[in-house]
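> How does the following fold in three dimensions:
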Amino acid sequence: MDDEAHTGKRGLKIIGVKATGTDWHAKIRYENASMEQGRKFTIAFWAKVDASEGERRTVSTSVQMQRDPWTFYHGADIVLDSTEWKEYFDTFAASDIVEKDMWVGLAIAQSDVDFWIDDFRFFEGEPRDEIGVEPEKFAVDPMGKLTSAWGKVKVDYR
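Sure thing, here's the model as predicted:
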C-alpha cells in the first residue's frame with residue numbers, strides 16, 4: 001500500500017506486543033553518532049499511529065552513550081497524535097563532545113499501540129537548517145540556475 005511509507009516504498013511498522021511501561025525496554029536506534037558541545041542538534045522523523053490501534057501514543061527520543069557508563073545526554077517525550085503521516089521534531093543543545101560513540105533513537109516500550117515510522121534523521125541545527133526538508137522547494141526553477149551532479153560533470157584538461 002502506498003500509505004505504508006512516507007517516502008519510497010517502505011516504512012517501518014512497530015507492532016506493540018506488550019508495553020512494559022518503561023520506555024527504554026525497547027528502542028529503535030541509530031548507532032555511532034557524534035555531537036559537539038554547545039551546538040544544536042535535531043532528531044526528526046515522520047510517523048503515524050495505526051488507526052486500528054488508536055489515535056495517539058507516546059515515544060521518547062534517546063541520545064545516549066552506547067557503552068558503559070551509558071551516559072544519557074538527552075531525551076524528550078513526543079506524542080504521536082495522527083493516523084496520517086506527520087513530521088515530528090526534537091531539537092536540543094548538546095551537553096558534551098561525543099565522537100562516534102552514542103546512539104540516537106526512540107524508546108518505544110511505553111505503549112502497545114502500533115505505529116509507522118519513516119524518514120528518521122539526526123542532524124546538526126534546527127529543522128529549518130536541514131537541507132532537503134522539502135524537496136519540492138529545491139526543484140530547478142526554469143528561470144534560475146540548473147544544478148548538476150558533480151560525478152557527471154565532464155572535464156576536458158587539454
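> which residues touch residue 76?
60, 61, 90, 92 (CB atoms under 8 Å, 6 or more residues apart in numbering). C-beta here means a position set from N, CA and C on the backbone, and glycine is covered the same way.
> Show me what counts as buried in the helix or strand hosting the third one.
For residue 90, the host element (DSSP states H and E) is strand 86-93. Buried residues in strand 86-93, counting neighbours by 16 or more other CB atoms under 10 Å, are found at 88, 90, 92.
> just stretch 65-83 next, same as before
Buried, per 16+ other CB under 10 Å, within stretch 65-83: 66, 73, 74, 75, 78, 80, 82, 83.
> contacts for the strand holding residue 90?
Residues contacting strand 86-93 (CB under 8 Å, 6+ apart): 38-48, 61, 63, 74, 76, 78, 80, 119, 126-127.
> What's the PyMOL line that selects buried ones from those residues?
In PyMOL syntax, the buried subset of the contacts of strand 86-93 is picked out as below (16+ other CB under 10 Å):
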select buried, resi 41+42+43+44+45+46+47+48+61+63+74+78+80
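> Pull up the distance across stretch 88-101, start to finish.
25 Å (CA to CA, to the nearest Å).
> Secondary structure element for the one residue sitting closest to the centre of the chain, which one?
Among the residues of the chain, the one closest to the centroid is residue 120, at 2.7 Å (CA atoms, centre = their mean). Element membership for residue 120 (DSSP H and E) is strand 115-124.
> Return the member of the buried residues of strand 86-93 nearest to residue 8.
Nearest to residue 8, judged by CB to CB, of these is residue 88 at 18.3 Å.
> So what pairs up with the closest one in the strands?
Under DSSP bridges, the beta-bridge partners of residue 88 are residue 45.
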